[in-house]
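> Structure for this input, please:
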Amino acid sequence: MSEVNIKYRYPKLQQCSASVTTHVGRFRTKRQIAMYRRCCAKTCALLLCPLVVLLLLIYLVLAYLVSVLLTLLYLPRLLAVQKLYWCCPFIPRIWEAQRYFKGQCMRVGFESTYTVNVLRRILTLPIRPHLPDFYIVGFPKAGTTSLANHLKQHPALSGLDGLPWHESLSKESHFFNGVLGRSHASSALLYRSFFPTILCRWWAEYIRGVEKWMCFDACPVTACLPYTARRMKAITPDAKLIFMMRDPVPVMFSAETMLVNMGVPLTWSLVDPMTTHDLQFQETEEEAQLWKDLKDLQPSDPIPHNMPELFYTHLHSLLKCGQYADRIHPFLQEFPRANMMFIDFNEFTKNTEGVVKEVCSFVGADPALYKHKELPPGMKTEYQGRRMHPSVKQHLTTYFKQSNNMLYSMLHRNFHWTDVEQ
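Presented below is the predicted three-dimensional model:
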């Protein structure tokens, strides 16, 4: 049948055919327009991307120069290091333990570079929108530094934008301890200043091609303080938490030895033998009041003024940190159990590569992209022949037994810490 006959004998069929042809044409036109718009957007992005990156780099350079100039004025340096030395009172002891000229040179160099770093990060806050995707929250002397160093080898993971040459301040923010001030330890805006800029994420995702870039904080004393869980929940409610744990008995001696090597004067010692009714293991009224205040501390409350001094230099604080079950309990109240990972120090040292890959999977990073290489132990304690007295070791083993059993029951896992480490 000819097209003419169809046209006159079946006019409705002809109209339907024309309508379909018209809609197909419109569809093709819209699809072409959408493709054209996408091509234009990509072209604009390719053209503007170098310009934006250049402007951001200029911004970073100017912020660095301004930070240097402000540091030379001395007052900004004084304010920055006062807050740091209040938060970490053991740091000034490092300079005092050196000869005068060497100690003063070390102090001035450290304070200057630290202040420049703080000012630079604050001046570039507009391009620092990130908060940590996960935390290594503890515990001290349990391998947190080594784990953080290994995770930084993954192309999708970054730590702090801290002092790159400083072993602890390159990974530990001490934000929740009040390093930016007692009244500013709950500000999400200021917390963002510790983490890399948008350039770091752009480099990882668009240049190196990782699926998702993430950053983390690795401050081991975070898990020891009972008020930090609420603040972390308020700032990063979906974050994941990694707990590095080790037999608390060797942890105690390692922490004491580290403080002694730093030149921190201690009123107690684990080297000396136990005596009858040894007072150094008994809690004072001041210590009991501090831990009560810390437990009741609300996210907007300032940190007690005497907290750092009592926390870092008193034996009772170390004993509190070693009671892992009590320290983990506040985090279990604020975060889901599925967001927590618990790692035994002994397992980490025996199978470092396997544990690091498990951590990568847990936080959402591709384990296949992690290329393992041997790294020196982080924050390794130099014992220099010091040994814990056997009577003290026996006392601590008994002291932590109940807490360890509570931990095993809480996690449904037995770490078998008794007599594992010498």
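
> you'd agree P377 is up against T144?
No - with contact defined as Cβ atoms under 8 Å, P377 does not count as touching T144 (11.6 Å). The C-beta positions use only the backbone N, C-alpha and C, and glycine is treated the same way.

> just checking, L407 touches A325?
Yes - L407 is in contact with A325 according to Cβ under 8 Å; the separation is 4.3 Å.

> Settle it for me: which of those two has more neighbours?
Ranked by neighbour count (other Cβ atoms under 10 Å), L407 and A325 place L407 first, with 23 against 17.

> Which secondary structure elements does the helix or strand encompassing that one sit against?
Using DSSP states H and E, L407 sits within helix 390-411. Applying 3 or more Cβ pairs under 8 Å, 6 or more residues apart in numbering; DSSP states H and E, one finds that helix 390-411 makes contact with helix 248-262, helix 324-334.

> Lowest average pLDDT across the ones you listed?
In terms of mean pLDDT, the lowest-scoring of the helices and strands packed on helix 390-411 is helix 248-262 (a mean of 92).

> what about the nearest residue in space to Q333 that is not next to it in sequence, which helix or strand?
In space, and not counting its chain neighbours, Q333 is closest to A229: 7.0 Å by Cβ to Cβ, 6 or more residues apart in numbering. In the assignment (DSSP H and E), A229 maps to helix 228-235.

> Then W202?
helix 198-202.

> How far off centre is that helix?
18 Å (Cα atoms, centre = their mean, to the nearest Å).

> Also stretch 274-286?
What separates the centre of stretch 274-286 from the centre of its chain is 34 Å, taken as Cα atoms, centre = their mean.

> Show the end-to-end separation of that stretch, please.
End-to-end span of stretch 274-286 (Cα to Cα, to the nearest Å): 23 Å.

> residues in contact with it?
Identification of contacts with stretch 274-286 by Cβ atoms under 8 Å, 6 or more residues apart in numbering yields 267-269, 306, 310, 315-316, 319, 389, 391-392, 395, 399.

> rerun at 10 Å
Contact partners of stretch 274-286, identified using Cβ atoms under 10 Å, 6 or more residues apart in numbering, comprise 266-270, 272, 290-291, 306, 310, 314-316, 319-320, 389-396, 399.

> and what of stretch 67-79?
Residues outside stretch 67-79 that contact it (Cβ under 10 Å, 6+ apart) are 80, 108, 111-124, 181.

> rerun that using 8 Å as the cut-off
E111, S112, T115, V116, N117, L119, R120, L123.

> can you tell me how far the third one sits from L79?
The reference is to T115. Applying Cβ to Cβ, to the nearest Å, the value for T115 to L79 is 9 Å.

> With neighbour numbers in mind, choose between these two.
The neighbour count for T115 versus L79, taken as other Cβ under 10 Å, is higher for T115 (23 against 13).

> Need the pLDDT of that one.
96.

> that older thread, need the next SSE after the helix holding W202, C-terminal direction.
strand 214-217.

> What strands flank that following strand, and is each parallel or antiparallel?
Here strand 214-217 has these sheet partners by DSSP bridges: strand 134-138 (parallel), strand 157-158 (parallel).

> Tell me the gap between the helix holding L407 and the middle of its chain.
With Cα atoms, centre = their mean as the basis, the mean position of helix 390-411 lies at 28 Å from the chain mean.

> same thing with stretch 303-310?
22 Å.

> ok, now stretch 160-176?
Worked out by Cα atoms, centre = their mean, stretch 160-176 lies 9 Å from the chain centre.

> now do stretch 175-195
13 Å.

> can you tell me which of the contacts of stretch 67-79 lies nearest to G138?
N117 (24.3 Å; Cβ to Cβ).

> does that closest one count as helix, strand or coil?
helix (DSSP: H, G, I helix; E, B strand; the rest coil).

> Which residue ranges of the stretch 251-400 of the chain form strands?
340-344 (DSSP state E, counting those that start in this stretch).

> got any ranges where the stretch 151-300 of the chain has weak pLDDT?
276-277 (pLDDT under 70).

> Contacts only, for the closest residue to N339 other than its chain neighbours.
Among residues not flanking N339 along the chain, K240 sits closest, at 4.8 Å (Cβ to Cβ, 6+ apart). Residues counted as contacts of K240 (Cβ under 8 Å, 6+ apart) are D133, F134, Y135, N339, M340, M341, F362, V363.

> quick one: the third one from S112, how far?
In this structure, Y135 and S112 are separated by 29 Å, where distance is defined by Cβ to Cβ.

> With neighbour numbers in mind, choose between the two.
Between Y135 and S112, counting by other Cβ under 10 Å, Y135 is the more crowded of the two (23 against 15).

> quick one: low-confidence ranges for the stretch 1-150 of the chain?
In the stretch 1-150 of the chain the weaker segments, taking pLDDT under 70 as the threshold, are 1-34, 36-48.

> what ranges do the helices span in it?
Secondary structure of the stretch 1-150 of the chain (DSSP state H, counting those that start in this stretch): helices at 3-9, 11-72, 75-87, 91-96, 100-123, 144-151.

> Quick one: residues contacting the closest residue in space to T222 that isn't next to it in sequence.
In space, and not counting its chain neighbours, T222 is closest to V137: 4.4 Å by Cβ to Cβ, 6+ apart. The contact partners of V137, taken as Cβ under 8 Å, 6+ apart, are C219, P220, T222, A223, T228, M232, L241, I242, F243, F331.

> Report the beta-bridge partners for the nearest residue to A223 once chain neighbours are set aside.
The shortest distance from A223 to any non-neighbouring residue, by Cβ to Cβ, 6+ apart, is to G138 (2.7 Å). Per DSSP bridges, the residues bridged to G138 are F243.
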